[in-house]
Each structure stands twice: as C-alpha cells, then as structure tokens.
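**Q** missing the sequence, but the structure's below:
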C-alpha cells in the first residue's frame, strides 16, 4: 500500500491508522495548534480572545526571537536562519482583536526535508520515532513532524496574546533559567553551554517562573487545582521532566513547623493573592552530535541540535503559563 | 475610545467586550472554524482525522460550487463571482492525510467592505445586528462578519473530509430539497424561486437528508442520543427553524398501532442499522430586496441576497451530518 | 460465560462489552444522571450550583407528581403507586445550597423485576431492546434499565433546582400540551386520551414551551446557537421526534416579507430579549396493550403503559430547558 | 442575610456566591466526586465503566483501610474510628458492572461538626480557609467541607474500580513511600513519624509509583502527553507539591550522553512499553498540634492531624494514576 514518500512504515498493521488528536489547549480560551516542522507552515487558532485588545506585534516578534535563541550560545542553526514571520488570517483588524477566532500562520522557509532522509530508516534513541510508528503505524520523518520543538513557536505566539490580555488585568509572568547542570550562577551559564556544544554533548537546566498580580480565588478545589492546571501545561513542553511549586521536593526535609507559612501562592488549589513561584526541569536533548554521528550521514543534520534546550524553553514556559491563566481569570 | 474603523459601537458599556467563543464542533473529530466574511480569509482546522486518507480534491471543489449555488437560480451574485479556492497548510501531503491537524484557508477575493458602509448605522430586521451589539458591545459590520453564511464554506470543506472518511466505511449521506413554499414537486422549484427573486422577495424550503450504511449501535442512550446530536448540528445552520426525524411532527395524528414500526433508523437514541431520514426547514432570508431598499443606499448591496437560502443549505446539511457521524463512528 | 441473572445476552461477541457512557448534561452547570429503573435507586449529581440558593422542596415534590402523572388520565399504574421521595446526600444544608456538588437519590420502591421476566427473551417493536443488545452485548431487561422513562424523574429534580436558580434572575419557563392527535382544544384532551387507553392504543402530542425574562445576548453565534442547544436537550427526551421554534415548519409556506419580523426570541443564535417559544412532538408509545398482548404473558405488565406520553413529558421539557439555560446565563 | 449556621461569611460581597465546580475527573471514563467531610455522606459516580467487570469488594475494603491509615503510626484518630462502608446505588448487580453509571456512597458516621465550631471565626495558616472565603464568599467550616482529605476516600473507591479494569488488561500500578524527611530507609519511617507526632509536629514524604504492563502508544504528542496527564492528576492530591518522572530534577546535573537512554517509560508524550516510574512529594500538614494549640480550644480537635500525610497518600496516588489510565487505554 502506497501512502506517501514522506512516511515511513515500520509497524505491522497498516490498516489501522490513527490520528494525532487533541491539539487544543484550554476550553474557555482555547489554542489549537497545527503544522509540521518541515511542511508548508505551522500556526494556530485562538478562540475566546475578547474584542478590543490592542495587539503588540513587536513583543510577539521579540518573543519569537527569544524562543529561536537569538543571542544565545549553543543553539541549532535552523532557529537562527529562519526568522518567524506571523501572518494573521482572521480575528485581528487594524491591530485590534475582533473577539472572533484569531488564526495565524508561520510559513516554514527553511524547510529541508532532504536533510532528514536518513531518519526514514532509523529510530533515534531518546526520541519519539519508535513510539510514533508503534502508535500511528506511520511516521512523518521530516524533522520529527509534529514532535519537533518547532511547534512551540505557535505556542509562543498564542502565549503572547494571552500575556497581553493578562497584562491588561495587571498580571505578569516572568520565567528565567536558574540552573544549568549543577551551576546556579547565571553569569556562568553561557560558558558552560558553549563547552558542552563544543564537545558535541548537551546538558539540562531548571527554569523558574513567577506569576505576580494574580488575584486571590483562581483555581478549583478538587481536581482542577491551580497547581494541577499549571503542571499539566508545563509538563506538556518537550523535554520537561518535572514540576514543583512552593516548598517543592526540597521541602521534604523540613518539619511542618518550619515551612507552614510557605504557600507558594496557592492554598487548597486556589490562588491566595501572593506571588506564585514554580520550577520545572528540562532534560538535555538526546540529539547530541555524539549520538547523531553514529547514525547520520550528513554534516548539516549533525549540527541541528541545541546544547541546552532549557534556554529556549524559557519563553515557552511563560507562554504555557499564560494559556493556563487566560482560561481561569 | 477608538477601537477600529470596521466596528460599530452602539452599546453602552464599552469596557466589557466579550469573545464570540465556541467555534469548535466535535471532540474526537473536531472542526474549528475561523474567519470573517470580508476579512483576509475564512478557514478551519480539523483535528482527529486519521492518517492515510486519500483526499478527493475534485469532490471538495464541486461541493463548494454546490454551496455557492452554481447552476441555481435566485442566488446572490457574490457567491457566483468568487470561486472558493482551498489552500492546505498542514496535515495533508501528496494528497494523503498525515493524521495531524489539517489546517485550510479560503481567501476572500471578493471582499468589499465598502458595500456594507450603510450597515454601520443600521440594524437589519430579522438579522443578528442588534443582538451582536447587545452581547459583544461592538460589531463587525462588514457583511455580517462571522454571522455571514459565508462561514458555511468552511463547514463544507470540513464536511467533505468527513464524508470521504465515512465513505471508506460504507456510510453515505444524501440531502435534497423536498419543498419550496407549499410546492413539493422538484421540477417546479426553480421557476418558483425565480418568481420570488423577480419580485424582490424570498421563500423558505425543507431539506430532507438520508444516511445509509450506518451500522447499528451509534449514539448514547441518555443525553447524547443520535437524534439529539443531529438536531444540535443541523439547528446550528443559519436560518434553520426546525428538525424532525422518523414520524416527525406529522406523526402526531396517528395512533401508536399505526406507526409503531417506524423507527426513522434510531431506537432509544441508538442507530438500528436501517436508513436514517431527517428533515429540516429553512426560513426565507429577511434580507430581501423589498426589505433592503428601505435602508440601503447602493444597488450592489441590494442585490446581495438569496431568494431561497434552502437551496444552498443542502450541502451544508450534508456537511454537518458528516461532522456528527465522524465523531461517533 | 455467566454474567448475572438480570442480563440477557443475544449478541455474538461476549468479550467486548461497552459502557453506556455520557450520562452528564452540561459543563458549567452539569447534571450527571444514574440509576436503573428496577435497581436500588435512581438519582443524580449537580455540579456548578452556586452557594446560597434556598431550595423549594415543595415545588420539587409537585413537579415529581406532575411527571408521575398525578391527576392525569391514561397513566401507567407504576407512576401512580410509587411516590418519588428525594434524599439529599450532599451540597444542601438547612435547605440552602453550599455551592458544592448536590447528590440526590430516589429509591425504587415499586421495583418488580419479576414483572419483566418475559422481556428476557423478547425484543419489543419500537423499543431499544434490540439495539442495546447490538451495541452493548448485554441488556438489563428489568423494565428497560436506563432506557426506561423513569430516568426522567432525576431530570425533573435537576430541572427544579435549575428553575429555582433561574427564577432568582427573573427567568421563567412554562410548557404545556397544545395538541393531542389532531385535537388542539385542551378541554378535549383528557377524553381523547381516555378513549385511546380504553382501546389499548396510544396517541402522540405536541408540547409548546415559553421562556420569559431571558436577557438579550444568550447563545454563541456559530455552532452553539441557542436554538441548537435547546434542540439538543429536547431531542434527548424519550419519544421526542421533532423540535421547531419561531416560524418553524409551518413558516415554509410564507414569503420572507410576511414573516421577517418573527424572531422566535432568537436572532443569529443569540437571545434577543423577547419571549422564546419552541414546540416539540412526542410519538405515541409503542408499548400499547395491543402490542404487548402479543408477547407478554401477565396482565400486570400489559397494563404498564401510558396512552399519551406527551402528557408526562411536559415537566421534562421544562427541566431540560432549564438545564440548558443555567449553563448559559 | 442569614444563610445557614454552618457557613461563615467573612467576605464583603454576599450577593455573588459561586459554585465550587469542576468535581469531575476524566471524560471517557469519568469520576464525579461529591460530599462534605462532615455532611451526610461522601461518594461518587463513575461513568464509562464497561459492563461485565466483576468487582472485587474485598480489595476496595482493603484500599479504604490503607487510606485510613490502618496499621500506620501518626494517623488522625478519626480515620481509625470510622470504617468506610460503601453502599452501591446503581451500575452494579450481583457484583458485576452493568455498563451504566456506578453511583456509590460512604456515609459519614463520625461526623462531629461541633468539634470545628472554633474554625468558624479563624483562618488556619497553610489551609484553604481564607481563600475559600475570598473566592466563594462563604465557607463550610465543618472540618474543611470539600477541602478535607476525607474526599480522597471517594477517589480510592473510584481508583479501585479503575485498577480492577486495568488489571484485566495486564496493567498494574504500585506506589510506595520512598522517603520521609531526609530518611530513605523504609525500616526507619515508622519511628521517625512517631517521633514527629510525639512532639506535635509533622514531616513530608516522597511517594514513588510504578506502572507496569502498559502497552506502547498511550498518550497524545502535543498538549495531552502522558506525563502531563499524570502530573495533572497527581498534583490534584492535597499537599502534593511536586511531580517528576524519568530523569526528573536529579537528572539536571548529568550530560545528555550519560542519560540519553533513560525514557522513564514515556517518549514524546507516548508510553514506549517499558515500565513507567514517577515520583511526587507531599508537604507536612500545617495542622500540627503545635499550630492548632494556638487557636483551638478543645483537645479532641487538636488531635485530629496526621504526622506524615504522605503515608496515607500512597493509595490515593495509585487511584489517581488508575483514573488517568482508564481514560487513555
């Protein structure tokens, strides 16, 4: 059975293809993400944005550059070469939201499916290649298709609209890298990442995020606790391996009498009006040069990895946090 | 407060704009619709379409022409002048679905916001103009914005993908116009509609839809009965005023002993394996020439109405039926 | 394979049992229904009722009697013999809602599974017996299980809470029987139904429902139009075969110029602030004495049918309408 | 404005009471939780359980005892004194599921609202008392109402049904306490907790959970990654402050080349067929004797706290994990 030249078919049962469904985040304020890493375009639809919001396009451009790793060391060359330009298809007029669904598109200019030809017949260790074949029966091998971190560019655009809407209510979200490897001094991060890149290796990092200005009362007390909603959103980011807030894992060694007063900004699943702080950890990418050299024939593909994905995850953490909050406030 | 030149602001409270939310139909197989009638484009995202489906693009073109009223009498000139061309942004490669979200766009070529300048200061009787201002505080007056029937073009594209997927399982959907005014002879429909158009008036119609090949067992027995899902989908079509299946309203005069055997293809909310037949009624458009002449200054706008919207609703009825079924089978 | 004595197993595939899922109506204000007709109890959980609402228990009792057919002719004896007593398990204290989920139970006192022993080996024409076996592989034959109209008692309780909440906002719902067979004079309904009962036959009816006091702006303009939400809810009632509002099916014979001004209380899917009127039709029950005598051995079972189910559907129509509105206002 | 004697009203705006909504977990296989800690009963409704499952009631009894802390040190006396007896209202017959909604109830025998009279006028540090008043305007002070950990008993019953259904597919879930304070030797946990209890203090703990037998392919690749679903469920448990899987937070110090091979059982958001391991941390309860003595007048209330809530969280972790998986497999 011929499907198409961009698919690989490793799996036995060809007749029972599934959909990679559930590409929507949120209900009241929903973001539907679409697009393949090396297809025509990626993009999204935002449903639930109120009318009358003035869009700050400069901020969106800056956030996309931040996600692309502008000014950072150890970043894959694709991100640098392909400035993300957003086309607005609906829901925005004269820079103001109409209240209707906002559809936007980022075309893939630097799409080079041919660079990934070798992936057609290979499963990369630590990647989703094998499980995609196991689950879906077929796999779009062009740069990972939907599994690629490129999808997070659409999240960042959505997150910018969300952050601008939240800002109008006095709510601010600020994330930053607080640890790389065992290092916690930010001044030493760049050198450390450069060293890992040089040796063709990669390293993990921890991102800390602060929410300020959020009123008391956000979150529901049983299953939809605010911390559960945040964990759900953050753990959906590629390479994220853990989430903690308030006293977190470190608090386990402290008696109740010593840490009773620390709420982390949330009590009983509901914001208490104070600053919310949470942390999340990003694993080093398994696509290191060391790992790729064993299986990849061309140099251009070998160079396509990030030495520390946590650096570029920072704006994505902010974006997902913003998507959670616009659904709740 | 300046918003934008395409808004009207009749309502008192300018500070509390809402979103026109809930533009998604279905959960397992979802269709998110976007786009303003006279904006950049309309379009949609389909999430849940399985991989490996070969798309029949000719059928989509034909269905869009059918919706546009090709070959029909009494149809608004815009529909005729603007052939709908679909651009595929994701989820389809070499004509085959990837299993990922399918995003598509139809650009608005014949968008003429200036034709609707008069609408800025007017509420049309029988239209949503007034309630939009009441609910949203602002209103996109360019051809009705999202309220325009142009939005149904995106439904037709989505419905075509759904129908093709259903066809692969042997399920067929066929709708047709069975009544115009009091007339039930199809050979006399065109003349009747032409007469109404000539006098600047409009008339309603009844569409009947048949579902064949659907296996027994589709539908849930309490709130999500198959007939409830169908009614929900069909009643969401502009100008639809009623839905009936099986013995319908006409059955009220018959004793149980006479009509016990008629199931309409559904028993206890669940398909029984026999053909399903339902009917729906479309009101004549209130935008008749007679009505418009009183409030519209220009001729081009006056001509933009359909003498019998039921004719163009036929493919939309099929599309919405298909969306219901792909979510259930 | 032994399952249990109250199941029948007609279907071939015993290994693939399914659930009769989706027993929840609404999201913001949700009602989850449970219970078998001849099991321990029926009941429900309401999630989303605000705190501080004073419950009118007398009104609930009266509505349950109305659904049971108190004072009506042609009603099944079970309904008469079994007064429905509601036990409140949570969410209500001293007659006031706590804002937490409200769980309530109505025990089945007159449960007589033995009366339905004959149903174990029979499919009744016009009932869901056959499709239940086809879909679920097994069937609870004790009085229809979940398919029984007894389930609507839980809907009525939920609807009462909803109506009381709506009443606090000035919104009233009033349904009434407006046609039985071809008869539209209410004074002649009782005699007509008695005649049908006497001859062991049944007849259909039309219920009309009025919503007053609803503010403009309720409903969403694309898929979640107010009329679509109402149709979904009403068509989920057993035996309902059609729904119409505004100009309905009758309006098909009128030109646009004659009926432009009739909105039915909804424009563009959104309430316009005027009274909303809709109508729905109920088929006669197929369980007439005539039909049952052919397949049922005992007299007590033969007598268990309603000559005109539309009479008892009236409070259920009000209840489902109230559930729609509490989710939207 | 009088509401009821069990409410406190600290908040200013009495007219705008909200609901504590969203008490349902899951869609395909949903669990709706209800009941106040010191009301009539707690319980739940399970919707989506297939027919034909033989319930193991002994296992449910044992799991409830495990949650109540039977045989554990440092446990609140209420848990010990009140054996949880489950009454089944629907969906189960002769010990076999019917496929219909399963409603169950656990009556509160040891409800002693009077023990909490002092809470009426006090906000406990580290508890949800204040935010409840801020959000809902009123607060059920009887033992915390819905905020009480007693609600988790209903989760455990639901989780047992889920675990039994999963077991039929060869899927097993096993959680255990792996750390108390800084101690990781399980043999020393009991003594440590006893010491904290003795001094009226409390301590945190880490629970590790293993999922075995889960096939490859469970989870969706974008927002609904398996780890995101698990984190959402686990972070909804009272006192849980962090979630990690695979290399977790500890992996941050390791280079990619050293930990590439560790998947934690999930790749790209989808199970890869190997064992899944995750960990979560529980904060010590703020309701220590030390803290309570300052604000509580009676001895009986002072004694109502757990020295290490993590011990009783173990079966709840298993239950929530099971609820996630029954919704996905």
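**A** Thanks, I have the structure now. Note that this is a predicted model, so its numbers are computed, not measured.
**Q** low-scoring pLDDT stretches of chain A, where are they?
**A** For chain A, the stretches with pLDDT under 70 are A:1-16, A:78-82, A:143, A:297-304.
**Q** ranges for the strands of the stretch 51-200 of chain A?
**A** A:86-90, A:92-93, A:96-97, A:102-107, A:139-140, A:172-180 (DSSP state E, counting those that start in this stretch).
**Q** Quick check: which of those strands is buried the most?
**A** A comparison of the strands of the stretch 51-200 of chain A by mean neighbour count, using mean count of other C-beta atoms under 10 Å in any protein chain shown, puts strand A:139-140 on top with a mean of 29. All C-beta atoms are positioned from the backbone trio N, CA, C, and that covers glycine.
**Q** chain center to that one, what's the gap?
**A** 21 Å (C-alpha atoms, centre = their mean, to the nearest Å).
**Q** Is there any residue in that strand that contacts chain B?
**A** Yes - judged by C-beta under 8 Å from any C-beta of the partner chain, strand A:139-140 comes into contact with chain B through residue A:140.
**Q** could you say what helices and strands that strand packs with?
**A** Helices and strands touching strand A:139-140, by 3 or more C-beta pairs under 8 Å, 6 or more residues apart in numbering or on different chains; DSSP states H and E, are strand A:7-8, helix A:129-136.
**Q** what's around the residue nearest to residue A:129 when sequence neighbours are not counted, how many residues?
**A** Closest residue to residue A:129 apart from its sequence neighbours, by C-beta to C-beta, 6 or more residues apart in numbering or on different chains: residue A:123 at 4.3 Å. Neighbour count of residue A:123, defined by other C-beta atoms under 10 Å in any protein chain shown: 18.
**Q** What values do phi and psi take at residue A:123?
**A** With angles defined as degrees, to the nearest 10, residue A:123 sits at phi -110, psi 120.
**Q** Would you pull up the residue in the stretch 101-250 of chain A closest to chain B?
**A** residue A:101 (3.8 Å; C-beta to the nearest C-beta).
**Q** Pretty sure that residue sits against residue A:92.
**A** No - assessed by C-beta atoms under 8 Å, residue A:101 is found out of contact with residue A:92, at 10.4 Å.
**Q** what touches both of these two?
**A** When contacts are counted by C-beta atoms under 8 Å, 6 or more residues apart in numbering or on different chains, residue A:101 and residue A:92 have no shared neighbour.
**Q** Quick check: chain neighbours aside, which residue is closest to the residue of the stretch 101-250 of chain A closest to chain B?
**A** Closest residue in space to residue A:101, ignoring its immediate chain neighbours: residue B:34 at 3.8 Å, by C-beta to C-beta, 6+ apart.
**Q** In contact with the one you found, which residues?
**A** With contact taken as C-beta under 8 Å, 6+ apart, residue B:34 is in contact with A:45, A:47, A:89-91, A:100-103, B:23, B:42-45, B:154.
**Q** that older thread, distance-wise, check the residue of the stretch 101-250 of chain A closest to chain B relative to residue B:151.
**A** 10 Å (C-beta to C-beta, to the nearest Å).
**Q** Find residues that contact each of these two.
**A** By C-beta under 8 Å, 6+ apart, the residues touching both residue A:101 and residue B:151 are B:33, B:35.
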